[in-house]
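>>> Have a look at this prediction, sequence included:
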Amino acid sequence: TPTNDTTSLGYPFYATLLGTINYGGSCSSDNNTAVADNNTITFNALADNTYSNCTLRVTNNGIPSDNLSVSSFTIDTIAPTLDNVTIASNNSVSTLAKTGDRITLSITAAGAIQAPSVSIAGQTATVPSSSDNITWSAYYDMQSSDSEGTVSLNIGFSDLAGNAGDNITSTTDNATSVLFDKTPPTLDNVTIASSNSVSTLAKTGDRITLSITFAEAIQAPSVKIAGQTATVPSSSDNITWSAYYDMQSSDSEGTVSLNIGFSDLAGNAGDNITSTTDNATSVLFDKTPPTLDNVTIASSNSVSTLAKTGDNVTLSITSSEVIQTPTIMIAGQNTTETGSGTSWSGAYTMTNSNSEGPVSLKVDFSDLAGNAGTRVTSTTNSSAVQFDRTSPTLNEITPVPTPTSDNESSYTFSSDEAGTIAYGGNCS
């Protein structure tokens with residue numbers, strides 16, 4: 001008991017004498033004769049219920065035996081049902097599973113049942129014993145050979161009477177499910193760029209940003225830039241991500257390294273990424289200010305160290321590395337800069353408004369990454385230009401005697417500065 005047999009309810013008993021069987025309570029039988037030995041009778045069909053009032057006795061020669069009380073038994077022909085079935089993974093996301101994760105079915109029957117036969121993902125699940133035969137569980141550890149997709153389930157069960165319930169292949173109201181994913185994720189695209197005006201260069205303080213697109217949704221990636229932990233903002237779709245790092249003076253110069261560690265939502269780890277897609281983009285970190293290896297100044301005057309109004313003064317520079325167009329000033333005035341790479345020059349035409357004396361110079365310059373060199377205000381070879389805009393003053397000292405018979409007359413004059421004499425008229 002319980003039993004779902006309503007038509008062949010056999011009951012054995014022993015009688016010391018033969019006689020007529022009399023039945024009491026809810027039980028009856030077509031067998032009314034007992035022998036003096038072991039007897040087996042079959043009760044007439046009974047409806048579903050619990051029977052505890054059945055009795056029988058044997059009468060021999062008008063003398064009845066004591067009543068024999070039949071032990072209580074239950075007739076149950078109703079198929080059992082399950083009140084609740086849920087499925088979950090021991091993954092950090094209970095609706096996802098990767099290889100090695102344990103899938104657990106939690107089963108609550110409407111009444112006591114025998115140990116159910118359960119398969120998960122098409123494989124036989126382990127079913128621990130139940131303390132009440134109503135609440136059961138079953139589990140299976142996912143294997144690499146299992147098929148990806150929604151994890152299937154199948155529950156076969158019978159009640160204690162042996163009535164089989166309808167096999168269950170889904171959770172209650174399809175409220176829970178687990179998706180099995182055993183494939184490591186991949187990256188579709190990775191690019192790197194600097195906030196520098198030249199996106200492939202960076203100086204101290206510039207922000208390096210990685211733009212990452214995955215082939216599927218992933219957890220927040222672990223990213224390093226230049227060997228340092230990068231900041232990874234949240235993603236709206238878990239597919240498109242970014243990471244950034246502000247370059248420090250302590251970082252090493254050269255190509256900025258990257259490292260991206262990532263796992264999909266199920267926890268499958270992808271291969272760490274250490275380069276951009278097809279190595280198409282990179283950033284060079286330069287924290288060293290440039291220097292000027294050579295700075296010279298010269299005038300277009302016949303004497304290159306002198307200049308007068310209208311003369312062109314040219315400053316020529318050679319830098320230690322490729323630089324942006326420098327800002328060159330001569331005599332406190334902007335120049336026209338020409339050149340490229342490491343060789344540049346600036347020219348200025350002297351005017352009457354310029355101050356006389358040594359021609360000043362000033363060079364401001366930065367490398368391509370924007371590192372500013374130290375302002376230069378002198379030449380490297382001690383070259384210099386003296387600007388003189390004032391004409392010399394001449395005074396007669398001794399005139400040529402007149403008249404005179406000397407056709408090579410002497411003439412004495414004074415000049416307030418040295419220079420080249422130019423003759424005019426008939427004299428030379």
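Nice, thanks for sending it over. Model, not experiment: these values are computed from the prediction. Numbering: from 1, shown residues only.

>>> mind listing the strands for the stretch 251-400 of the chain?
Taking DSSP state E, counting those that start in this stretch as the test, the strands found in the stretch 251-400 of the chain are 254-255, 258-261, 284-285, 292-299, 306-307, 312-319, 327-330, 333-334, 336-340, 343-349, 357-358, 361-364, 386-387, 394-398.

>>> And the next helix or strand after the last one, what does it pack against?
Looking back up the chat, that one is strand 394-398. Scanning forward in sequence from strand 394-398, with DSSP states H and E defining helices and strands, the next element found is strand 412-415. In terms of contact count using 3 or more C-beta pairs under 8 Å, 6 or more residues apart in numbering; DSSP states H and E, strand 412-415 is assigned the packing partners strand 394-398. Every residue, glycine included, has its C-beta placed from N, CA and C.

>>> Identify the residues contacting the strand it packs on?
By C-beta atoms under 8 Å, 6 or more residues apart in numbering, the surrounding residues in contact with strand 394-398 are 410-415.

>>> Neighbour count and distance to Ser343 for those - can I get that in JSON lines?
JSON lines is the format used below for the contacts of strand 394-398 (neighbours: other C-beta atoms under 10 Å; distance: C-beta to C-beta, whole Å):
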{"residue": "Ser410", "neighbour count": "9", "distance to Ser343": "54"}
{"residue": "Tyr411", "neighbour count": "10", "distance to Ser343": "51"}
{"residue": "Thr412", "neighbour count": "10", "distance to Ser343": "52"}
{"residue": "Phe413", "neighbour count": "11", "distance to Ser343": "47"}
{"residue": "Ser414", "neighbour count": "9", "distance to Ser343": "47"}
{"residue": "Ser415", "neighbour count": "11", "distance to Ser343": "41"}
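
>>> Of those residues, which is the nearest to Ala138?
Each of the contacts of strand 394-398 was scored against Ala138 by C-beta to C-beta, and Ser415 proved nearest at 118.4 Å.

>>> Just confirm the closest one contacts Thr393, I think it does.
Yes. In this structure, Ser415 is within contact of Thr393 by C-beta atoms under 8 Å, at 7.2 Å.

>>> on that earlier part again, and Thr404, which of the strands of the stretch 251-400 of the chain is closest to it?
Once C-beta to C-beta is applied to the strands of the stretch 251-400 of the chain, the stretch that comes out nearest is strand 394-398, at 12.5 Å.

>>> sorry, back to before: list just the one of the strands of the stretch 251-400 of the chain that sits closest to Phe214.
Phe214 sits nearest to strand 258-261 of all the strands of the stretch 251-400 of the chain, at 9.8 Å, using C-beta to C-beta.

>>> Show me what that closest one is packed against.
Contacts of strand 258-261 with other secondary structure elements, assessed using 3+ C-beta pairs under 8 Å, 6+ apart, are made with strand 187-194, strand 207-214, strand 222-225.

>>> partner strands of the very next helix or strand once past the first one, parallel or antiparallel?
It stands for strand 187-194. Tracing the chain past strand 187-194, the next element assigned as helix or strand by DSSP H and E is strand 201-202. Paired strands of strand 201-202, with direction, are strand 284-285 (parallel) (DSSP bridges).

>>> Contacts for the strand it pairs with, please.
Contact partners of strand 284-285, identified using C-beta under 8 Å, 6+ apart, comprise 200-203, 226, 247, 251-256, 369.

>>> quick check, nearest of the contacts of strand 394-398 to Asp146?
So of the contacts of strand 394-398, ranked by how close each gets to Asp146 (C-beta to C-beta), first place is Ser415, at 108.1 Å.

>>> what are the bridge partners for that closest one, then?
Leu394.

>>> Now do the phi/psi pair for the residue positioned nearest the centre of the chain.
If you average the C-alpha coordinates of the chain and look for the closest C-alpha using C-alpha atoms, centre = their mean, you land on Pro221, 2.7 Å from that point. The phi and psi torsions at Pro221 (degrees, to the nearest 10) take the values phi -70, psi 160.

>>> If you count neighbours, what's buried in stretch 220-231?
With burial defined by 16 or more other C-beta atoms under 10 Å, the residues of stretch 220-231 counted as buried are 221, 223-226, 230.

>>> Poorly predicted segments of the stretch 151-300 of the chain, please.
When the per-residue scores of the stretch 151-300 of the chain are filtered using pLDDT under 70, no range remains.

>>> rerun that using 90 as the cut-off
The model of the stretch 151-300 of the chain has pLDDT under 90 over residues 161, 173, 278-279.

>>> how near is Asn167 to Phe214?
Counting by C-beta to C-beta, to the nearest Å, the gap from Asn167 to Phe214 is 39 Å.

>>> More neighbours: the two, which one.
In terms of neighbours (other C-beta atoms under 10 Å), Phe214 is the more surrounded of Asn167 and Phe214; the figures are 23 against 11.
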